[in-house]
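*Asks:* Whatever this is, show me its structure:
(chains A, B and C)
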Amino acid sequence: MSYELERMGARHGRWESRGTKDQPVDKALMRRAARLRRAVEYHNFRYYVLDSPVISDAQFDELFRELHTLEAAHPELATRDSPTQRIGAQPRKDFGVVRHALPMGSIDTAFAETEVETWDRRLRERLGVRGEVAYTAEPKFDGASVSLRYEEGVLAVAGTRGDGSAGEDVTANVRTIRSVPLRLQGRGCPRVLEVRGEVLIEKKHFARLNAEQAKHGGRLFANARNAAAGSLRQLDPRITARRPLAFFAWGLGEVSAPVADRYSQAVRRLGAWGFRTSDLIATVKGARGCLAYFSKIAAKRDALPFELDGVVYKVDAFRDRERLGFTARAPRWALAHKFAAREATTIIEDILPSVGRTGIITPVAKLKPVAVGGVTVTHATLHNQAEVERKDVRIGDTVLVRRAGDVIPEIVAPIKEKRPRGAKPWRMPAKCPACGGTVVREIGKAAHRCMAGLACHAQLERALAHFASRRSMDIEGFGEKLVRQLVAKHLVKSVAGVYRLTPRHLAKLERLGEKSARKLIARISKSKQTTLPRLLNALGIPQVGEATAAALAQHFGSIDALAAADRETLMQAPGVGSAVATDIHTFFREKRNLGVIAALLRAGVRPAVARPSRKSPVSGKLFVLTGALQSMTRDEAKDRLTALGATVSESVSRRTDYVVIGAAPGSKAAKARAFGVPALDESHFLKLLSG
DNA sequence: TGTCCTCGAGTTCC
DNA sequence: CTCGAGGACA
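*Replies:* Sure, this is the predicted structure:
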């Protein structure tokens, strides 16, 4: 059954004002209205709090409509806590202020296990207990905290956390959240009851919300938390009503009478009164229990429907909480144990144009170092000028940073409120930042490009590094540092120059002794025994990468045949269309390029055509690799597969035959599942390799 | 002509 | 991993 919040929200769109005139009311009608109210409320609760409806959507619709019709005909029957009244208020100009009777403070944060142990030890000392303290452990939802005040069992006021002592009055918006009871169920609730909890958006609803925002040209939310907080701060509650918000209770504020002796009991009572509480709340013993809980939740984190930023430990017994009291900042009886942040804010110190091997200039943001997902991030790509404009990021901006797929740093969005005055939009420089050459943006293209070619030292450096790289000529030790020196000292002017290097040349370089120089020369020499696909990839023909190089090698068999081919012939090769054919053709008409190739061959570069070694069950199959393998690197796996006549691709599609899943797989594993592509673990993969 | 799929190119950090 | 763009195909 689907979780159709929007559809239900739309049903509530009409609002009837309530009659004020006192008039005799038909007792039977009154009873009927009360019964309907209870029924609608109950089914709302089954649906939004328990997530286990007992009637169909259509049946619910019928109940709701009957109540609505009845109240419309007899306005005096409609009560303030009626489920028809969730969306009542008109848009307003601003929010009122809510003072919190008990402050909504923050809690102390720990990242390391030792911090949790220290907290537990101090706490035991203060309480003077020998054994282990009973804690509750619960997920720390990443949403917006609110406090709901119930008077005589009816929702009276809802406020955001604000500065802790006072927040904004968001009552009208909170009333639209279906998992917030407008009237408490059962009996025995105190006259005044403040419930604290988190307003959230489920991950999948967030994705859909953003997709819809994009479709209607609305602005996108950076993450589920921002979407929840933003939805809560809508001036028009009708908009909030359409947002898929949920509420989870996790604590109490002011209460006119004690609710329980222990927090774990209080949580159960909150559930009985109609609140949604996390089903992951557990009681644990001591620091040991806390840490075990932490690992369990951390392992489940991605599979959970809501975003978490950690877990919270709380002393279970309220009496002990009182004895522990508060520090200046936070209660001593609670601790937030956070996961390494996946998102963080930092400042763009500069936007640097970086020149690639083809001359494409990419803006890269230099960031004030910040910890994200367990590493310190200092740079993030902005891809191109258009992307900089779309995201509207400027030097000096405070930005939200995340690690895409938990790996590559990505700038999500600027926080415009924090933009320094006078920050101007960034523009691509008109001259190449490396060589001063002309920068051109071709019509209809996204990229800017330095036109100087290999005369541009940045391009020459990158071209050499690419030539020597593992999947090209594979010259170990021929790295960035070395390349930069070789270019700066004019020792190498083209990729062919690599094979003209002598020990005497290398002696001119810094930090390279005689012994390592000899080693390097030997490695360079060894790289001459290569394969045609590698050589073609190494040359850096525009639009020819690893896959196309392999296809061309297969199809033409030799570099001479390829160089002699006209456009028509080139287009016969798989994956080569008119654009790629033109680029290849142009490359081989260029005198300089032919000179480089001739020089390479003269120097003794011998490209062999790799041929599938033997019949294998994997030949002709399309593989995708993800995660780390134990017995070999991914590159080795790729080589072995290709040698057996299989194709290895980077992205999963319906055509993929097998996905090999190693340790810590990325998003490809999930995609493979979605497409129903068979997954192989390492042992099965090895079996397949060995036939 | 539009859509889906692939590839190329650039980028980050350990 | 992301974006852009070319290729294949309907």
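*Asks:* Next to DNA strand B, which bits of the stretch 351-500 of chain A? Give me the list.
*Replies:* Proximity of the stretch 351-500 of chain A to DNA strand B, by C-beta under 7 Å from any atom of the strand, involves residues A:354-360, A:362, A:364, A:375-381, A:407-409, A:462. For the C-beta atoms, the positions are set from N, CA and C on the backbone; glycine is no exception.
*Asks:* Among these, which ones are in strands?
*Replies:* A:354-355, A:360, A:362, A:364, A:375-381, A:408-409 (DSSP state E).
*Asks:* Weed out the non-buried ones from the residues you listed.
*Replies:* Buried members of these, scored by 16 or more other C-beta atoms under 10 Å, are A:V355, A:I360, A:T362, A:V364, A:V377, A:A380, A:P409.
*Asks:* Spatially nearest residue to the second one (excluding sequence neighbours)?
*Replies:* Of all residues beyond its chain neighbours, the one nearest A:I360 is A:A447 (4.7 Å), with distances taken as C-beta to C-beta, 6 or more residues apart in numbering.
*Asks:* The one you found: how many residues sit nearby?
*Replies:* Neighbour count for A:A447, taken as other C-beta atoms under 10 Å: 18.
*Asks:* How much space separates it from A:T362?
*Replies:* Per C-beta to C-beta, to the nearest Å, A:A447 is found 8 Å from A:T362.
*Asks:* now A:A344
*Replies:* 23 Å.
*Asks:* How about the backbone phi and psi for the closest residue to DNA strand B within the stretch 551-691 of chain A?
*Replies:* Per C-beta to the nearest atom of the strand, A:S653 is where the stretch 551-691 of chain A lies closest to DNA strand B, at 2.7 Å. The phi/psi pair for A:S653 (degrees, to the nearest 10) reads phi -140, psi -180.
*Asks:* so who does it touch?
*Replies:* Residues counted as contacts of A:S653 (C-beta atoms under 8 Å, 6 or more residues apart in numbering) are A:F675.
*Asks:* Where does the prediction get shaky in chain A?
*Replies:* For chain A, the stretches with pLDDT under 70 are A:1-25, A:87-93, A:214-219, A:405-406, A:610-615, A:664-667, A:691.
*Asks:* need the residues of it near DNA strand C, please.
*Replies:* Counting by C-beta under 7 Å from any atom of the strand, chain A sits next to DNA strand C at A:383-384, A:386-387, A:404-405, A:407-408, A:410, A:444-447, A:543, A:574-581, A:650, A:666-668.
*Asks:* and stretch A:521-531, how far out from the chain's middle?
*Replies:* For stretch A:521-531, the separation from the chain centroid amounts to 42 Å (computed by C-alpha atoms, centre = their mean, to the nearest Å).
*Asks:* What of stretch A:458-477?
*Replies:* For stretch A:458-477, the distance to the chain centre is 32 Å (C-alpha atoms, centre = their mean).
*Asks:* cool, stretch A:630-639 as well?
*Replies:* 28 Å.
*Asks:* Specify the local secondary structure of the residue in the stretch 251-400 of chain A that DNA strand C sits nearest to.
*Replies:* Across the stretch 251-400 of chain A, the shortest distance to DNA strand C (C-beta to the nearest atom of the strand) belongs to A:H383, at 4.3 Å. Three-state assignment for A:H383 (DSSP: H, G, I helix; E, B strand; the rest coil): coil.
*Asks:* need the contact list for it.
*Replies:* Going by C-beta under 8 Å, 6+ apart, the list of residues near A:H383 reads A:T362, A:P363, A:A446.
*Asks:* try it again with 10 Å
*Replies:* When contacts are counted by C-beta atoms under 10 Å, 6 or more residues apart in numbering, A:H383 is found next to A:T362, A:P363, A:V364, A:R390, A:K391, A:E410, A:I411, A:A446, A:A447.
*Asks:* what does A:A423 give?
*Replies:* By C-beta under 10 Å, 6+ apart, the neighbours of A:A423 are A:I348, A:V393, A:R394, A:I395, A:G396, A:D397, A:P414, A:K416.
*Asks:* Could you tell me how many residues sit around the residue of the stretch 301-450 of chain A found nearest DNA strand B?
*Replies:* The minimum distance from the stretch 301-450 of chain A to DNA strand B, using C-beta to the nearest atom of the strand, falls at A:G356 (2.2 Å). Residues contacting A:G356 under the criterion other C-beta under 10 Å number 16.
*Asks:* how many neighbours does the closest residue to DNA strand C within the stretch 151-300 of chain A have?
*Replies:* Per C-beta to the nearest atom of the strand, A:L220 is where the stretch 151-300 of chain A lies closest to DNA strand C, at 11.2 Å. By other C-beta under 10 Å, 13 other residues sit near A:L220.
*Asks:* Using the three-state scheme, assign it.
*Replies:* Per three-state DSSP, A:L220 ends up coil.
*Asks:* Tell me which stretches of the stretch 301-450 of chain A form helices.
*Replies:* In the stretch 301-450 of chain A, the helices defined using DSSP state H, counting those that start in this stretch lie at A:318-324, A:385-391.
*Asks:* Just read off the phi/psi values of the nearest residue to A:L509 once chain neighbours are set aside.
*Replies:* Closest residue to A:L509 apart from its sequence neighbours, by C-beta to C-beta, 6+ apart: A:Q485 at 5.0 Å. Torsion angles at A:Q485 (phi, psi; degrees, to the nearest 10) stand at phi -70, psi -40.
*Asks:* Enumerate every residue touching A:Q485.
*Replies:* Taking C-beta under 10 Å, 6+ apart as the test, what A:Q485 contacts is A:E461, A:L491, A:V492, A:L506, A:K508, A:L509, A:E510, A:R511, A:L512.
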